[in-house]
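> dropping a prediction and its sequence here:
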Amino acid sequence: MIATLHIHSYQMMGMDSSIGSMGSLVDTLLLMLSYTFLQRALIVGLLVSICSSLLGVSMVLKRFAMIGDGLAHVGFGSLAVATAFNAAPLAVSLPVTVIAAFVLLRLSESGRIKGDAAIALVSASAVAIGVFVISMTTGMNTDVDNYLFGSILALRQSDVVLSVVLCVIVLAAFILLYNRIYAVTFDETFARAIGVRTSVYTTLLAILTALTIVVGMRMVGALLISSLIIFPALSSMNISKRFKSVTILAAGISVTCYLVGVIVSFVYGTPAGATIVLVNLAIFIICWFIRLLNTRVRSRG
């Protein structure tokens, strides 16, 4: 029932008849841009795709990829609690998710709880709290479903503003702090030896990832948002081995997959979040085959 709401969102708005008469991709894009909610979805989605791909490369290389999944669950739990008490969702979820990112890093670095165990502990607890509070108050509703499964219909103007600010911060961080981020990503021990405050930059990456997850969760859903961080990074690593090339390629893959996913979702009425992730999966498989073919060619040469 929940999935059906999102699958048929476009049909409910009377778009099927218009889609049937379109003869080209340009017509499809023009029709999409004629709807305000899709304009917001494209802006937010493209900016979140850029942020998640840039952060994803460092997070994957540092083996922090699953932190994204854990933070997504924390974000859902905090959003569910905020919805239950009629509080501003972003005002609650942003600080809670940032604090959770900091706590997860500290738990992982302390060694008292292994990284994967810490993520499982925090994420499961957050979801349990959210579901418990919702069940005891308002019950499952459309807002909670949107955060869990994602819906581009739920995006607001505030999401556009927040995504623009976030993208500016992430791009500025990568441009101004590129050398330090590179050092911390590949050899944290060496970076610490030459005076780089590695904990500061690792925490910065985790906090920016947390903010990206909260902004993108309304669009893709808590269950799928971490894939936007992981898939583009893994796909680009199959093609290139240089950090800068991987980072740029990941951003290109992420933006392309988002656009293709939204167009396919618009035309066929499929869930936007799931479609975007499936396009990312298809690109990853293609990149993996390209790497496999290149390896075989080199071995024969």
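Structure received. In this text the structure is predicted, and so the values were computed from the model without any measurement.

> when you work out contacts or count neighbours from here on, use the C-alpha atoms and nothing else.
Will do.

> buried set for the longest helix along the chain?
Assignment by DSSP state H gives helix 272-300 as the longest helix of the chain. Buried residues in helix 272-300, counting neighbours by 16 or more other Cα atoms under 10 Å, are found at 272-277, 279-281, 283-284, 287-288, 291.

> so what secondary structure elements neighbour that helix?
Applying 3 or more Cα pairs under 8 Å, 6 or more residues apart in numbering; DSSP states H and E, we find helix 272-300 packed against helix 198-220, helix 227-239, helix 243-268.

> burial of Met177, as a residue count?
In this structure residue 177 is Leu, not Met. Per other Cα atoms under 10 Å, the neighbour tally for Leu177 reads 12.

> also the one 5 residues further on?
Other residues near Tyr182 number 16, with proximity taken as other Cα under 10 Å.

> still on that earlier bit, any idea which of the helices and strands packed on helix 272-300 is most buried?
helix 227-239 (a mean of 25; mean count of other Cα atoms under 10 Å).

> just want the angle from it to helix 243-268.
Put simply, helix 227-239 runs at 130 degrees to helix 243-268, going by axes from the mean of the first three to the mean of the last three Cα atoms, to 10 degrees.

> which elements pack onto helix 227-239?
helix 36-61, helix 65-84, helix 243-268, helix 272-300.

> just put those helices in CSV and tack on distance to Val144 and mean pLDDT.
Output for the helices and strands packed on helix 227-239, formatted as CSV (distance: least, Cα to Cα, whole Å; pLDDT from 0 to 100):
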stretch, distance to Val144, mean pLDDT
helix 36-61, 19, 88
helix 65-84, 6, 84
helix 243-268, 21, 91
helix 272-300, 15, 90
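
> export the ones you listed to JSON lines and tack on distance to Ile169?
What follows is these, written out as JSON lines (distance: least, Cα to Cα, whole Å):
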{"stretch": "helix 36-61", "distance to Ile169": "9"}
{"stretch": "helix 65-84", "distance to Ile169": "18"}
{"stretch": "helix 243-268", "distance to Ile169": "16"}
{"stretch": "helix 272-300", "distance to Ile169": "24"}
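
> among those helices, which is nearest Met217?
Closest approach to Met217 among the helices and strands packed on helix 227-239 (Cα to Cα): helix 65-84, 7.4 Å.

> what helices or strands is the closest one leaning on?
Checking 3+ Cα pairs under 8 Å, 6+ apart, helix 65-84 ends up next to helix 89-110, helix 115-136, helix 142-149, helix 198-220, helix 227-239.

> switch those over to TSV; also include distance to Leu55.
Below are the helices and strands packed on helix 65-84 laid out as TSV (distance: least, Cα to Cα, whole Å):
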stretch	distance to Leu55
helix 89-110	14
helix 115-136	18
helix 142-149	22
helix 198-220	6
helix 227-239	7
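
> for Leu46, find the nearest of those.
Nearest of those to Leu46, taken as Cα to Cα: helix 198-220 at 10.2 Å.

> now do the closest one, average pLDDT.
Mean pLDDT, computed over helix 198-220, is 85.

> what angle separates that helix from helix 89-110?
Relative orientation of helix 198-220 and helix 89-110, computed by the same axes, to 10 degrees: 140 degrees.

> what angle sits between helix 198-220 and helix 36-61?
150 degrees.

> quick one: helix 198-220 to chain centroid distance?
How far helix 198-220 lies from its chain's middle: 9 Å, per Cα atoms, centre = their mean, to the nearest Å.

> what does stretch 100-107 give?
Distance of stretch 100-107 from its chain centroid, counting by Cα atoms, centre = their mean, is 19 Å.

> now that stretch: buried residues?
So, applying 16+ other Cα under 10 Å, buried residues of stretch 100-107: Ala100, Ala101, Phe102, Val103, Leu104, Leu105, Arg106, Leu107.
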